[in-house]
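S.K.: Sequence and predicted model, in that order:
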Amino acid sequence: MTRKLPIIAVATAPGKAGIGVIRISGPQLGPIAQALFQKTLAPRQANLFTLRDSDGAAIDQLIAIYFAGPASFTGEDVLELQCHGGPQLLELVMKRCLELGKDQGLVIAEPGEFSLRAYLNDKIDLAQAEAIADLIDAQSEAAVRGAARSLQGVFSNDINSLIEEITQLRILVESTLDFPEEEIEFLQNAHARERLKTVIHQLHALRDGAKQGKILRDGIQLVLAGAPNVGKSSLLNRLAGEEVAIVTPIAGTTRDRVKESITIHGVPIHIIDTAGLRDTSDLVEAKGIERSWEAIRAADLVIFLQDLGSPGEIESANALELKTQIVKALPPKCPVLEVSNKSDLLMELSANQSDEGVLLISAKTGDGIEALKQKILESVGWGGSQEGAIVARRRHLDCLDRAASHLEKSQQFAADGNISLELFAEELRLAQDQLGQITGKLLPDDLLGKIFSQFCIGK
Ligand SMILES: Nc1nc2c(ncn2[C@@H]2O[C@H](COP(=O)(O)OP(=O)(O)OP(=O)(O)O)[C@@H](O)[C@H]2O)c(=O)[nH]1
Ligand SMILES: [Mg+2]
């Protein structure tokens with residue numbers, strides 16, 4: 001994981017393009033640059049070169065830029081070769097570089113190895129390294145901006161200032177540990193409880209922000225579920241703005257899940273239209289329905305769609321039964337949005353009049369769709385503002401959750417009648433460890449390998 005050999009990889013996407021960039025990083029690239037260009041390159045200058053094969057034949061005319069470590073992305077010496085962007089050509093340039101760098105041990109980089117080196121050389125912390133990957137994978141403009149903010153260190157700075165405050169509190173507490181009789185007095189004089197309360201408050205705010213950041217990064221898996229013919233596929237088409245799924249008046253039209261991604265106010269929403277839920281003896285339909293349940297079990301949000309056009313008693317009883325089944329199948333904390341479709345069939349009802357929190361829409365006319373979009377964002381806890389938003393991952397949320405629970409425990413050990421400064425301090429330490437894992441301080445090695453191996457090669 002921490003090999004010191006020089007590494008090389010194509011940094012640009014595969015395929016044909018105007019240029020393709022190859023990046024080389026190593027503790028000392030002087031000899032490799034010398035072998036490639038027969039001269040010493042001045043740092044941070046564009047140098048036009050013709051790269052030649054061992055027999056002198058030209059491979060490409062390229063621009064080389066040399067960054068002397070530590071003032072480079074990885075913190076090591078870095079050579080960037082801007083070649084023409086053909087896959088075969090880049091392969092040839094790579095091959096020639098590997099030949100010329102053989103004596104220095106030049107090898108092909110592993111996925112994420114450039115970013116890993118940047119992290120290990122303290123150029124960026126772990127949350128920033130992750131933000132690079134997130135910036136590249138961003139699915140919306142808002143996600144790009146969020147990732148850029150994380151990369152600039154906005155998220156890391158918040159985490160670090162929280163760690164700093166916990167450290168201060170720990171220093172205070174631990175310096176009093178040897179004087180147990182002064183515990184209560186200490187807590188009062190040092191305002192330890194108030195300070196802890198403030199830290200918890202800040203952590204909650206940070207967690208709320210990270211929750212938004214996770215939505216921005218990953219989007220929301222929105223499952224359209226309900227009985228056959230209620231208009232699930234019509235709603236998918238309406239939200240997507242095109243005819244993605246087949247719509248017919250025949251109950252049981254949709255079999256396979258139909259997926260389409262949209263964005264609502266910059267938030268990526270991955271919509272999954274499913275087979276209508278009912279008892280059936282049709283083998284194909286039954287398989288489709290099993291897939292509907294699978295989708296519901298993995299959802300971030302389920303829209304339970306009903307048909308206003310068939311409001312009979314049997315239908316209502318069936319809908320209630322179905323809703324109970326869906327709620328049972330949901331993953332923890334997954335909200336269900338009850339929506340009634342075909343409001344156009346009920347002229348006497350106004351489209352935004354809702355009955356016990358049930359939203360009325362018409363997939364056919366588009367009535368109520370804007371309100372539904374708002375409701376979708378609200379239901380998953382999207383705060384509405386992208387200003388200052390960062391991107392975050394499940395890993396970050398888990399660390400923040402664990403840190404919060406340690407801080408809450410430490411609060412218990414500072415409560416009257418249950419005071420234990422030792423346990424108070426210990427919980428503070430555990431909370432601090434969790435926060436440190438976000439930026440990469442105190443991270444187990446195997447976890448580090450796992451995180452970076454998910455990056456693509458050349459990153
Ligand atoms: N009047 C009216 N008809 C609608 C509306 N939405 C859907 N329909 C009709 O209802 C029928 C069923 O629509 P679909 O979208 O195929 O319903 P579904 O829930 O996907 O059905 P399955 O795939 O069979 O589960 C079609 O004839 C649609 O044209 C609506 O808002 N108003
Ligand atoms: Mg359908």
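M.R.: Great, that's in hand. Numbering: from 1, shown residues only. Ligands and ions are numbered 1, 2, ... in the order given.

S.K.: Flag every buried residue along stretch 340-347.
M.R.: Burial within stretch 340-347, assessed by neighbour count using 16 or more other CB atoms under 10 Å, is assigned to 340, 341, 342, 343, 344, 346. Every residue, glycine included, has its C-beta placed from N, CA and C.

S.K.: In the residues you listed, find the pair that's most separated.
M.R.: 340 and 344 (11.6 Å; CB to CB).

S.K.: mind checking which helix or strand of the chain has the lowest mean pLDDT?
M.R.: The helix or strand of the chain with the poorest confidence is helix 183-189; it has a mean of 69 (mean pLDDT, DSSP states H and E).

S.K.: next one: the helix or strand following that one to chain centre, how far?
M.R.: The element immediately downstream of helix 183-189 (helix or strand, assigned by DSSP states H and E) is helix 192-218. With CA atoms, centre = their mean, to the nearest Å as the basis, helix 192-218 stands 17 Å off its chain's centre.

S.K.: Please list the residues of the chain that sit near ligand 2.
M.R.: Residues of the chain lying close to ligand 2 by CB under 5 Å from the ion are 232, 233, 253, 254.

S.K.: quick one: which of these is nearest residue 308?
M.R.: residue 232 (14.1 Å).

S.K.: So which residues of the stretch 51-200 of the chain form strands?
M.R.: 58-67, 77-85, 107-108 (DSSP state E, counting those that start in this stretch).

S.K.: among those, which is the most enclosed?
M.R.: Comparing the strands of the stretch 51-200 of the chain by mean neighbour count (mean count of other CB atoms under 10 Å), strand 77-85 comes out on top with a mean of 21.

S.K.: helices or strands next to it in the packing?
M.R.: Applying 3 or more CB pairs under 8 Å, 6 or more residues apart in numbering; DSSP states H and E, one finds that strand 77-85 contacts strand 17-26, helix 30-37, strand 58-67, helix 87-100.

S.K.: Could you list the residues in contact with that strand?
M.R.: 11-12, 15-30, 32-33, 36, 41, 51, 60-69, 72, 89-90, 93, 97 (CB atoms under 8 Å, 6 or more residues apart in numbering).

S.K.: Ramachandran angles for the closest residue to ligand 1 within the chain?
M.R.: Minimum separation of the chain from ligand 1 (CB to the nearest ligand atom) falls at residue 276, amounting to 2.6 Å. Dihedral pair for residue 276: phi -60, psi 140, per degrees, to the nearest 10.

S.K.: for the one 4 residues further on, same thing?
M.R.: Summarising the backbone geometry of residue 280 under the convention degrees, to the nearest 10, its torsions are phi -150, psi 150.

S.K.: Just say helix, strand or coil for the residue nearest to it when sequence neighbours are not counted.
M.R.: Distances taken as CB to CB, 6 or more residues apart in numbering put residue 286 closest to residue 280, at 5.5 Å, once the chain neighbours are dropped. Counting by DSSP: H, G, I helix; E, B strand; the rest coil, the backbone at residue 286 sits in helix.

S.K.: I'd like to know how many residues surround residue 286.
M.R.: Residue 286 has 15 neighbours, counted by other CB atoms under 10 Å.

S.K.: repeat for residue 357
M.R.: Residue 357 sits with 8 neighbouring residues when counted by other CB under 10 Å.

S.K.: Could I get the contacting residues of it?
M.R.: Contact analysis of residue 357 by CB under 8 Å, 6+ apart lists residue 338.

S.K.: same thing but at 10 Å, please
M.R.: Neighbouring residues of residue 357 by CB atoms under 10 Å, 6 or more residues apart in numbering: 337, 338, 375.

S.K.: So residue 287 is in contact with residue 255, correct?
M.R.: Yes - contact criterion CB atoms under 10 Å: residue 287 and residue 255 qualify, at 7.4 Å.

S.K.: which residues do these two both contact?
M.R.: Common neighbours of residue 287 and residue 255, using CB under 10 Å, 6+ apart, are residue 275.

S.K.: what about the two, which has more around it?
M.R.: Higher neighbour count among residue 287 and residue 255: residue 255, with 19 against 12, using other CB under 10 Å.

S.K.: Are we agreed that the more buried one is in a helix?
M.R.: No - with three-state DSSP as the criterion, residue 255 is coil rather than part of a helix.

S.K.: before we move on, the earlier item: let's have the strands of the stretch 51-200 of the chain in JSON lines, adding mean pLDDT and distance to ligand 1.
M.R.: What follows is these, written out as JSON lines (pLDDT from 0 to 100; distance: least, CB to the nearest ligand atom, whole Å):
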{"stretch": "strand 58-67", "mean pLDDT": "96", "distance to ligand 1": "54"}
{"stretch": "strand 77-85", "mean pLDDT": "96", "distance to ligand 1": "45"}
{"stretch": "strand 107-108", "mean pLDDT": "96", "distance to ligand 1": "49"}
